[in-house]
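Novice: need a structure here:
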Amino acid sequence: MMRTLFLVMVVANVVAFIWFGWLKPPAPTPAFTPLPQVQPLKLIAELTPAERRDLAHAPQSAPAGSRPASAATGAASCMSYGPFPSAEAAASGSARLRTAGAEVTQRLVPGKVRSGYWVYLPPFGSRREAEAAAKLLQRRGVKDLYVVTDEANRNAISLGVFSDRFGALAHQKKIRALGYHPLLTERFRDAPRYWLDARGAEQQLPAASVFTDLDEGDVTVGRSACAAGDGA
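Specialist: Numbering: from 1, shown residues only. Sure, this is the predicted structure:
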């Protein structure tokens with residue numbers, strides 16, 4: 001009995017040895033994913049001079065949702081418009097600029113304004129010659145004339161002052177048809193000129209053509225320097 005039990009235990013140990021040593025299937029090998037190659041961290045003091053320069057010139061990423069300052073607030077421009085011939089014309093121009101969204105200030109500059117277009121015959125050699133020519137013109141139907149007595153144009157014959165150039169040119173042509181050679185010139189008088197200084201974004205500062213109806217197209221526009229702290 002004891003011998004049989006001993007043989008059974010020996011056989012069991014042999015079977016166990018064979019199972020665990022040779023016949024047991026190997027345990028599955030866990031999957032291995034290689035890590036990406038990462039550069040080791042370096043302290044600033046450990047960087048070479050070239051690496052420090054590259055770091056200093058590297059673009060800085062803006063925080064999410066932020067916008068560049070130029071996109072958030074447009075840079076202001078300043079323009080000067082003028083000259084306007086009257087306070088009323090300047091007021092109309094100022095209203096148009098404010099409607100466009102610009103800030104406007106007005107200033108006065110001494111100057112001259114056109115008072116009309118003068119048609120005349122140049123000075124004669126003497127007062128007698130000028131008066132004789134004037135009488136002949138009157139007999140030929142020219143009514144609005146006189147002999148000039150001021151020093152600058154003494155003995156000239158004034159043939160009329162016209163508010164618009166087309167009327168003056170038509171009268172000059174009429175006198176030429178009578179055999180004379182009249183001249184045409186603009187006349188001016190001293191008067192303050194009105195200028196408007198405007199500040200705003202480019203799209204708020206219109207071209208001078210917006211004001212052509214206020215002074216026969218004489219209004220001009222020019223870029224001006226914005227005063228320090230203006231509009232802050």
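Novice: which ones are touching residue 211?
Specialist: 81, 84, 93, 96, 219 (Cβ atoms under 8 Å, 6 or more residues apart in numbering). Yep, even glycine has a C-beta here, placed from its N, CA and C like the rest.
Novice: Verify the contact between the second one and residue 219 for me.
Specialist: Yes - between residue 84 and residue 219 a contact is recorded at 6.4 Å, counting by Cβ atoms under 8 Å.
Novice: Wait, residue 221 touches residue 78, no?
Specialist: No - contact between residue 221 and residue 78 fails when scored by Cβ under 8 Å: they sit 11.1 Å apart.
Novice: and residue 104, what pLDDT?
Specialist: pLDDT, residue 104: 96.
Novice: Which stretches in the chain count as strands?
Specialist: Along the chain, counting by DSSP state E, strands occupy 77-84, 103-121, 146-147, 157-162, 183-200, 220-223.
Novice: so which of the ones you listed is the most packed in?
Specialist: When the strands of the chain are scored by mean count of other Cβ atoms under 10 Å, the highest mean neighbour count falls to strand 77-84 (a mean of 22).
Novice: got the angle between that one and strand 183-200?
Specialist: 150 degrees (axes from the mean of the first three to the mean of the last three Cα atoms, to 10 degrees).
Novice: could you say what helices and strands strand 77-84 packs with?
Specialist: helix 87-99, strand 103-121, strand 183-200, strand 220-223 (3 or more Cβ pairs under 8 Å, 6 or more residues apart in numbering; DSSP states H and E).
Novice: and residue 117, what is it in contact with?
Specialist: 161-165, 167-168, 184-187.
Novice: where are the low-confidence patches of this structure?
Specialist: Where the chain drops to pLDDT under 70, the residues are 1-3, 5-8, 10-74, 216-217, 227-232.
Novice: How is it divided into domains?
Specialist: Annotated domains of the chain cover 75-113+190-223, 114-189 [automatic domain parsing].
Novice: Make JSON lines out of those domains and add distance to residue 4.
Specialist: Converted to JSON lines, the domains of the chain look like this (distance: least, Cβ to Cβ, whole Å):
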{"stretch": "domain 75-113+190-223", "distance to residue 4": "107"}
{"stretch": "domain 114-189", "distance to residue 4": "144"}
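Novice: and residue 9, which of those domains is closest to it?
Specialist: Within those, the stretch nearest residue 9 is domain 75-113+190-223; the backing value is 98.8 Å (Cβ to Cβ).
Novice: export stretch 213-224 as CSV, just CAs?
Specialist: C-alpha atoms of stretch 213-224 as CSV (Å, rounded to 0.1, in the frame of the first residue of the first chain):
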residue,chain,number,x,y,z
ASP,A,213,-20.8,122.3,-54.2
LEU,A,214,-19.7,124.5,-51.4
ASP,A,215,-17.1,126.6,-53.3
GLU,A,216,-17.0,125.8,-57.0
GLY,A,217,-14.5,122.9,-56.4
ASP,A,218,-11.9,125.1,-54.7
VAL,A,219,-11.9,123.1,-51.4
THR,A,220,-8.8,120.9,-51.1
VAL,A,221,-7.8,118.2,-48.7
GLY,A,222,-4.4,117.5,-47.2
ARG,A,223,-3.0,115.2,-44.6
SER,A,224,-2.1,116.9,-41.4
